[in-house]
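In: 3D model of this:
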Amino acid sequence: MRTRHVESDITVVGGGLAGVCAAISAARLGKRVALIGNRPVLGGNSSSEVRVWVVGATAHGVQRFARESGVIGELYVENQYRNPEGNPIIWDEVVHDAVRAEPNITVFLNTDVREVDAAGIDGERVVTAVHGWTMGSETLTTFTSPYFLDCTGDGLVGHLAGADYRIGREASREFGESWAPDEADDELLGSTILFYTKDLGRPVDFVAPDSAKDITQTPIPTSRILRSGDKGAHYWWIEWGGHLDTVHDNEIIRDELRSVIFGIWDYIKNSGRFDAANLDLEWVGALPGKREYRRFLGDHVLTQNDILDQVDHPDAVAFGGWSIDLHPVDGMYATVAGAHQRYSNGIYGIPFRSYYSRNVANLLLAGRDISATHVAFGSTRVMATCGAGGEAAGTGAALALDLGVRPRELATGHNETLRQTMLRQDASVFGIRNSDPDDLARRAVVTASSTARTLDAAELVPGADEAPFALERDLGILLPVDPRLDHVDVLLQVERDTTVAASLWTTGHRQNAVPVDERARVEVAVETAAEPQWVRLPLSWTPAESSAPESVVIVLEAAAGVSVVLSAAQIPGVLALPHRPQADGDANVAVEESESVIAWPAIALRGRTPRVRVSPATEAFDESKAVGGYHRFYGGPNLWMSQPGGADAESLTLEWSEPQRVRSIRLVFDDDTDVELNTLHHHRTPDRIFPELVRDYALDVQEGGAWREVVRVEANRRRQRVHATDAATATALRLRVLATNGVPQARVVSIRVY
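Out: Residues are numbered from 1 along each chain as shown. The predicted structure is shown next:
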């Protein structure tokens, strides 16, 4: 046996996506990071050892404009390109390569931290060291650093350090949560093991092992959906152990789950009720994927009401959007639905105060162990949300070191600095406008070669296929209002004389994309016509704050013989919302169909946009949006978009009145955050590279009246790019878009200059 000492700026314990994102974010801010994982691969429950798909705020497409950006967003997009088949082993390497790319990170795999040194120093409790045993190499390592992050999921580090935490469910009266039980108890969400099958193209037998459970003696065949073609995370409901201790009873839980998997497969293969003759059992997990254990207490405990009311926290540094997803304690043996889900009307913010321990001064948290009630945890526990929180915690630790303050002081006294740092990284934050005083772009005069001024899909994507959509039910059309709305024209196919009724609804929270408050209603007489006709709807709206973006939903009421013309194009900030309840289609899940995001789904017509024209001409795509903006949808698309057809000759130019020293340029391109991605491609997205992304581009600086090219990039497939330059006396900067990955316009979310 050997011993060693590793000293870093930040020690991250836990190699799941929360820990990975925390380590990468801190490393990019110049901090030396030790990333410790107790498994042979990174990725936690998403790794090839467990194979749970990575989901987050998009909620399988239920939420709108909700896909995460930042580090977890980069992993999503890279996996889309590298791993079109959704192979969990390739995903392992996507994650590991992202860590390998950061020279400031040292990775310690197969290293189990089971001892923690903590003490009272200068009136506060702090972690001074953690000790890890690396199996296989027989190495005992002592890790020291000013800050530690518990990203272990089970929360062992925080527990050993003496951090306050809870296990189980709070009573409803404690936080006023309607979904909590009347009395507190120890019930948890259970653990899951998954299995994979393979079609061999010939009959193959299955002889069940002695451990296989006879599932006909359980409620499973009648209370759960069994299909021979499903595998992997489709069987998320194979869950058990919520009535036990999911850590100390882990071995019991594992054995029960595996016995049921072999029993399910025996039933599918040998009951004669399934077309499964050629299917073989290819893989069964040996490591339970845990959902819940310790939840630490920070200065804020996130609650059900924070989520459903979409509370605006002044220190919000990450967001979620997955439903409050609670499962019966009996898991797979329950006779009720495997999950009950409740959604907010859009994404919600998570405060930094939930990402650190309230009583251990140098301990931050990320993953499923953050400061949240059991009910709120039902939403925050999914892995993309954990990754977004990891980036927030890693950034917070790095910034706390730079400022010489504790996380608590960061949350209360430096929250805007923290949030601006998150936004500069293009992290998963929303509702924050770039106010960075160091960003030279904010001082520049911005001009563009051209700018789109219409929402009409036929003008923005010429030649796109069109098709009628019958108004058999109400149809909502989400539109950005910028600067105001005087009236809307909609292209309709009218088969008989009738009256079209329409209403204008505001969306409430600026991130929402659902009708919330009806503000006006009109009825317009229309006559039969052989060809589609433009029908004017005299619906007007002016945002209360002219400086803030806003969206509205125009609802066309059901009308026999009337169809809306849809274009096979997706216009930024515009969605079609049929009034027909739809979730993600999982029959094992119970949802409330009256909730707005379920009642007005965007899933059904995503990628098809109603032909609409607005007056006055829209400024939603103005070049000013790319400087000092929000970086993502917030009451509107918040990006510059050129006119179509000239993407190979479009440019965005920044001019200064005085020469500037330009050292770094940060670009954020559009990758359509309304499109759901999934690491295992549960919902298959056809494009390996987002067609909205700029593919080829160049950056020029103007010095002494002459332009000089300083950066040229080809075959870009990433949302954010950061470029170092050597310009000392630049009076102007120009981004030339030479080609996109498919769309006919140049699209730029943000350009920053330092």
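In: rest of the way, CA atoms for contacts and neighbours
Out: OK.
In: for R368, see how far away G389 is.
Out: Counting by C-alpha to C-alpha, to the nearest Å, the separation of G389 from R368 is 10 Å.
In: with D482 instead?
Out: Taking C-alpha to C-alpha, one finds D482 at 39 Å from R368.
In: ditto for A388
Out: 12 Å.
In: go on, P610?
Out: For P610, the distance to R368 - C-alpha to C-alpha - is 40 Å.
In: what do you get for V12?
Out: Relative to R368, and taking C-alpha to C-alpha, V12 is found at 15 Å.
In: likewise D330?
Out: Distance from D330 to R368, by C-alpha to C-alpha: 21 Å.
In: which one of the two has more residues nearby?
Out: R368 (30 against 19; other C-alpha atoms under 10 Å).
In: ok, the more buried one - contacts?
Out: 153-154, 291-292, 295, 377, 380-382, 386 (C-alpha atoms under 8 Å, 6 or more residues apart in numbering).
In: and N434, by the same measure?
Out: By C-alpha under 8 Å, 6+ apart, the residues touching N434 are 420, 423-424, 627-630.
In: mind listing the strands for the stretch 1-150 of the chain?
Out: Here the stretch 1-150 of the chain has its strands, by DSSP state E, counting those that start in this stretch, at 2-7, 10-13, 33-36, 105-108, 111-121, 124-134, 139-144, 147-150.
In: out of the ones you listed, nearest to F690?
Out: Nearest of the strands of the stretch 1-150 of the chain to F690, taken as C-alpha to C-alpha: strand 105-108 at 29.3 Å.
In: what helix or strand does G367 sit in?
Out: Using DSSP states H and E, G367 sits within no helix or strand.
In: correct me, but it touches E391?
Out: No: with contacts counted by C-alpha atoms under 8 Å, G367 stays clear of E391, the gap being 10.4 Å.
In: before we move on, back to that, farthest pair in the contacts of N434?
Out: Set against one another by C-alpha to C-alpha, those have their most distant pair in Q420 and V627, with a gap of 13.9 Å.
In: give me the more crowded residue out of these two.
Out: Just comparing Q420 and V627: by other C-alpha under 10 Å the higher neighbour count belongs to V627, 29 against 20.
In: how much space between that one and V753?
Out: 10 Å.
In: give me the common contacts of these two.
Out: With C-alpha under 8 Å, 6+ apart, V627 and V753 have common neighbours A441.
In: was I right to think Q80 contacts R684?
Out: No: if you go by C-alpha under 8 Å, Q80 and R684 don't touch, sitting 9.8 Å apart.
In: SS state for G390?
Out: For G390, the assignment made with DSSP: H, G, I helix; E, B strand; the rest coil gives helix.
In: now the one 4 residues further on
Out: Classification of G394 into helix, strand or coil gives helix, according to three-state DSSP.
In: wait, what's in contact with it?
Out: Residues near G394 by C-alpha under 8 Å, 6+ apart: 21-26, 149.
In: which residues of the stretch 551-700 of the chain fall in strands?
Out: Using DSSP E, counting those that start in this stretch, strands in the stretch 551-700 of the chain cover 562-567, 575-578, 589-591, 609-610, 612-615, 640-641, 650-669, 694-703.
In: which elements pack onto the first one?
Out: It refers to strand 562-567. The contact analysis (3 or more C-alpha pairs under 8 Å, 6 or more residues apart in numbering; DSSP states H and E) places strand 562-567 against strand 466-470, strand 487-494, strand 609-610.
In: next, the angle strand 487-494 makes with it.
Out: 110 degrees (axes from the mean of the first three to the mean of the last three C-alpha atoms, to 10 degrees).
In: paired strands for strand 562-567, with orientation please.
Out: strand 466-470 (antiparallel), strand 487-494 (antiparallel), strand 609-610 (antiparallel) (DSSP bridges).
In: what's in contact with that strand?
Out: With C-alpha under 8 Å, 6+ apart as the contact definition, strand 562-567 has outside contacts at 457-458, 464-471, 490-496, 532, 608-611.
In: also the fifth one?
Out: The contact list for strand 612-615 (C-alpha under 8 Å, 6+ apart) reads 454-457, 485-491.
In: beta-bridge partners for A525, please?
Out: Here A525 sits in beta bridges with T499, as judged by DSSP bridges.
In: helices along this structure, start to end?
Out: In the chain, the helices defined using DSSP state H lie at 17-28, 70-82, 88-100, 156-161, 172-175, 220-223, 250-270, 304-308, 374-380, 383-403, 407-413, 415-424, 457-460, 596-599.
In: out of these, which is closest to L667?
Out: Proximity to L667 (C-alpha to C-alpha) singles out helix 415-424 among the helices of the chain, at 10.1 Å.
In: buried residues in that closest one?
Out: Across helix 415-424, burial judged by 16 or more other C-alpha atoms under 10 Å covers 415-424.
In: dump those residues into a markdown table; add distance to L326 and pLDDT as well.
Out: Formatted as a markdown table, the buried residues of helix 415-424 follow (distance: C-alpha to C-alpha, whole Å; pLDDT from 0 to 100):
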| residue | distance to L326 | pLDDT |
| --- | --- | --- |
| N415 | 32 | 98 |
| E416 | 34 | 98 |
| T417 | 35 | 98 |
| L418 | 32 | 98 |
| R419 | 30 | 98 |
| Q420 | 34 | 98 |
| T421 | 34 | 98 |
| M422 | 30 | 98 |
| L423 | 31 | 98 |
| R424 | 35 | 98 |
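In: low-confidence ranges in the stretch 401-550 of the chain?
Out: Applying pLDDT under 70 to the stretch 401-550 of the chain flags residues 546.
In: which of the strands paired with strand 562-567 is buried the deepest?
Out: Comparing the strands paired with strand 562-567 by mean neighbour count (mean count of other C-alpha atoms under 10 Å), strand 609-610 ranks first with a mean of 29.
In: centre of the chain to it, how far?
Out: The chain centre lies 25 Å from the centre of strand 609-610; the measure is C-alpha atoms, centre = their mean, to the nearest Å.
In: how many neighbouring residues does the nearest residue to P468 once chain neighbours are set aside have?
Out: Leaving aside its chain neighbours, P468 sits nearest to V565 (4.5 Å; criterion: C-alpha to C-alpha, 6 or more residues apart in numbering). Per other C-alpha under 10 Å, the neighbour tally for V565 reads 21.
In: repeat that for E703.
Out: Neighbour tally, E703, other C-alpha under 10 Å: 17.
In: try the one 5 residues further on
Out: When counting by other C-alpha under 10 Å, one arrives at 15 neighbours for R708.
In: and it, what does it touch?
Out: Per C-alpha under 8 Å, 6+ apart, neighbours of R708: 700-702.
In: now pLDDT too, for the residues you listed, in CSV please.
Out: Below are the contacts of R708 laid out as CSV (pLDDT from 0 to 100):
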residue, pLDDT
D700, 98
V701, 98
Q702, 98
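In: and which of those residues is nearest to E102?
Out: Among the contacts of R708, and counting by C-alpha to C-alpha, the member closest to E102 is D700, at 27.7 Å.
In: just for the stretch 551-700 of the chain, where's the confidence low?
Out: For the stretch 551-700 of the chain, the stretches with pLDDT under 70 are 646-648.
In: that older thread, got the strands paired with strand 562-567 as a markdown table, with distance to M641 columns?
Out: What follows is those, written out as a markdown table (distance: least, C-alpha to C-alpha, whole Å):
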| stretch | distance to M641 |
| --- | --- |
| strand 466-470 | 22 |
| strand 487-494 | 21 |
| strand 609-610 | 17 |
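In: of all those, which lies closest to H313?
Out: Of all these, it is strand 609-610 that lies closest to H313, at 33.6 Å by C-alpha to C-alpha.
In: and the nearest residue in space to Q582 that is not next to it in sequence, how many neighbours?
Out: Counting by C-alpha to C-alpha, 6+ apart, I598 is the residue found nearest to Q582 once chain neighbours are left out, at 5.4 Å. Per other C-alpha under 10 Å, the neighbour tally for I598 reads 24.
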